[in-house]
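Trainee: Fold the following, please.
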Amino acid sequence: MVAFSKLFHPPHNSLPCSELLLHQGQTCKQLIWWNWYRCSVGSLRYFLPLAISPLVLRPKSLNTQALLNILRHYLETSLWGAAATAFTFNGICLLRNLLGRYYLYTATCLPAYTAFQLSWFFPVRTVRLFSTATTQSALETWLRKQNNIISRSLPLQTIIFMLSSAVILHFKRREEYNGFWFIQPIKNVSAQKNEENYEDLKKSSNCCTHEGKTCAEYVLTGMKGYLLYGIPLDLMSIVTKGRLPRTWKELKMIRFQMTAFFLSYIGIYRLSNCVLAHYPFDVTYQHLLSAGLGGISYFFLDKLTFSALAFVIAVQAAWQSYCQKPTKKPEDRLSSFLKSIPFAKLMIQVNIAYLAHCYIFQHDTMSSLAKGFFRGMTDDRFERIYQFLLNSLAEHEKS
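Mentor: Numbers count the residues shown, from 1 in each chain. Predicted coordinates:
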């Protein structure tokens, strides 16, 4: 196995930036615009699902204003991300020329951290997307690097997903979290009616909270709705990977993982809610338990990526709920200080720096999502740099 630490020893530590960044024939100044162009092309391609998925998943809810919002979000995310990524390459050139050589944290980590200071100017939706995606990628990469029991145990990952599912759906049901999650919570009927009367009625009759449908119809209706999410996502995944089935045998080998996940998630969630409604549970505890049981559907995914994502979103949901709670006046200083910290923007910079460093020096620990992010955002330039270093160091070991 090639030791990338040799990059910081002669002769590799003083390689010209034109050789490392593969821009022979171009000056560093000329590279500024070329970087921006190539990163823009890569980002527009990588984030294309942001524009396509709403058209596929929510065609009936689209109007002119919705289409403009989708286009705006897609372009803002792509172009702001491209600008920060391009500045990362420029930062590598700048630090190499200023310091005369490469150091451990100036090769990729510091340039990436500095370049993504642009996140202070990102639109709110772009900040949310980058913060969630990079935190999940950094967490998953760290877990893989530690190679601990969480990264190897499917039951433990499932438990984490179940607990996270309970937290997220709980706060979404209370309308204290408005971010992304795979399914929508059961409506809080008690909030729409007189709560005391509703609780008395529920305790006396032990009836389900849905109205006008049998339990079977209620469960099947939910599964039918999310079937229209799962199948398009699975088909989009096949198309984006460029592995289109060409024979009937290949077509039968397609694993509709997201479809199975959505159907089992919403099915178990609604069914368990109906079953628990016939027992004398408090409404909140009943919903928490059914939301957690729905998370058993993680077995259809069996990917650390989704377990890490669920945990990150659960923390976000809990924090958003905490920040929205009314407080006594004057508010506690510590609480006020914590709420004023822009954690989302700060996390983007730290996460990107960590992932950029791991991409080159600990490539095997990187999550597939993080690798795809760097390949897509840089139009494969980060991957080509990694392969160049890999080949150069391997040849040097042989000689």
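Trainee: Please report how far residue 33 lies from residue 40.
Mentor: Distance of residue 33 to residue 40, given as C-beta to C-beta, to the nearest Å: 11 Å. For glycine as for every other residue, the C-beta is placed from the backbone atoms N, C-alpha and C.
Trainee: Return the residues in contact with the closest residue to residue 16 other than its chain neighbours.
Mentor: Nearest non-adjacent residue to residue 16, counting by C-beta to C-beta, 6 or more residues apart in numbering: residue 96, 7.8 Å away. The neighbours of residue 96, taking C-beta atoms under 8 Å, 6 or more residues apart in numbering as the test, are 16, 17, 20, 102, 106.
Trainee: chain center to whichever helix or strand residue 305 is part of, what's the gap?
Mentor: Element membership for residue 305, per DSSP states H and E: helix 304-324. In terms of C-alpha atoms, centre = their mean, to the nearest Å, the centre of helix 304-324 is set 11 Å apart from its chain centre.
Trainee: list the helices and strands that helix packs on?
Mentor: Counting contacts by 3 or more C-beta pairs under 8 Å, 6 or more residues apart in numbering; DSSP states H and E, helix 304-324 is packed against helix 124-146, helix 154-173.
Trainee: For whatever helix or strand comes next after that helix, the averaged confidence score.
Mentor: Counting by DSSP H and E, the next helix or strand C-terminal to helix 304-324 is helix 333-340. Across helix 333-340, pLDDT averages out at 87.
Trainee: For helix 333-340, list every residue counted as buried.
Mentor: By neighbour count with 16 or more other C-beta atoms under 10 Å, helix 333-340 contains no buried residues.
Trainee: could we number from 421 for the rest of this?
Mentor: Understood, numbering begins at 421; the last thing we discussed is helix 753-760.
Trainee: going on from that helix, what's the next piece of helix or strand?
Mentor: helix 763-781.
Trainee: With only the CA atoms kept, save that following helix in PDB.
Mentor: The C-alpha trace of helix 763-781 is given here as PDB (Å, rounded to 0.1, in the frame of the first residue of the first chain):
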ATOM      1  CA  PHE A 763     -23.300  26.200  13.600                       C
ATOM      2  CA  ALA A 764     -24.500  25.200  10.100                       C
ATOM      3  CA  LYS A 765     -22.000  27.500   8.300                       C
ATOM      4  CA  LEU A 766     -19.200  26.700  10.700                       C
ATOM      5  CA  MET A 767     -19.800  22.900  10.200                       C
ATOM      6  CA  ILE A 768     -19.600  23.300   6.400                       C
ATOM      7  CA  GLN A 769     -16.000  24.700   6.500                       C
ATOM      8  CA  VAL A 770     -14.700  22.200   9.000                       C
ATOM      9  CA  ASN A 771     -16.400  19.200   7.300                       C
ATOM     10  CA  ILE A 772     -15.100  20.100   3.800                       C
ATOM     11  CA  ALA A 773     -11.600  20.600   5.200                       C
ATOM     12  CA  TYR A 774     -11.700  17.200   6.900                       C
ATOM     13  CA  LEU A 775     -13.100  15.400   3.900                       C
ATOM     14  CA  ALA A 776     -10.600  17.000   1.400                       C
ATOM     15  CA  HIS A 777      -7.800  15.900   3.700                       C
ATOM     16  CA  CYS A 778      -9.200  12.300   3.900                       C
ATOM     17  CA  TYR A 779      -9.800  12.100   0.100                       C
ATOM     18  CA  ILE A 780      -6.100  12.300  -0.600                       C
ATOM     19  CA  PHE A 781      -4.500  10.800   2.600                       C
END
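Trainee: Can you mark which positions in that helix are buried?
Mentor: Within helix 763-781, the residues that count as buried by 16+ other C-beta under 10 Å are 764-765, 767-769, 771-781.
Trainee: swap in stretch 540-553?
Mentor: By neighbour count on 16+ other C-beta under 10 Å, the buried set for stretch 540-553 is 542, 546, 547, 549, 550, 551, 552, 553.
Trainee: from the residues you listed, which single one is nearest residue 713?
Mentor: residue 552 (24.7 Å; C-beta to C-beta).
Trainee: ok, now which ones touch that closest one?
Mentor: 599, 600, 729, 732, 733, 736.
Trainee: What sits closest to the most centrally placed residue in the chain if chain neighbours are left out?
Mentor: Against the mean C-alpha coordinate of the chain, by C-alpha atoms, centre = their mean, the closest residue is residue 553 at 3.1 Å. Leaving out its chain neighbours, the residue that sits closest to residue 553 by C-beta to C-beta, 6+ apart is residue 793, at 7.0 Å.
Trainee: Pretty sure the one you found sits against residue 550.
Mentor: No: checked against C-beta atoms under 8 Å, the pair residue 793 and residue 550 is beyond contact range at 9.7 Å.
Trainee: What distance do you get for the nearest residue to residue 565 once chain neighbours are set aside to residue 472?
Mentor: Distances taken as C-beta to C-beta, 6+ apart put residue 785 closest to residue 565, at 4.1 Å, once the chain neighbours are dropped. In this view, residue 785 and residue 472 are 31 Å apart by C-beta to C-beta.
Trainee: ditto for residue 769
Mentor: For residue 769, the distance to residue 472 equals 29 Å [C-beta to C-beta].
Trainee: In TSV, list the buried residues of stretch 540-553 along with pLDDT.
Mentor: Rendered in TSV, the data for the buried residues of stretch 540-553 read as follows (pLDDT from 0 to 100):
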residue	pLDDT
542	95
546	94
547	95
549	94
550	95
551	96
552	96
553	94
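Trainee: Would you convert the residues you listed into TSV that also reports distance to residue 675?
Mentor: Below are those laid out as TSV (distance: C-beta to C-beta, whole Å):
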residue	distance to residue 675
542	35
546	32
547	34
549	27
550	29
551	30
552	26
553	24
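Trainee: Residue 638: which of those residues is nearest?
Mentor: Looking at those and their distance to residue 638, the nearest is residue 552, at 30.9 Å (C-beta to C-beta).
Trainee: give me the number of residues near the closest residue to residue 545 other than its chain neighbours?
Mentor: Distance criterion C-beta to C-beta, 6+ apart; nearest residue to residue 545, sequence neighbours excluded, is residue 493 at 5.5 Å. Counted by other C-beta atoms under 10 Å, the residues lying close to residue 493 total 18.
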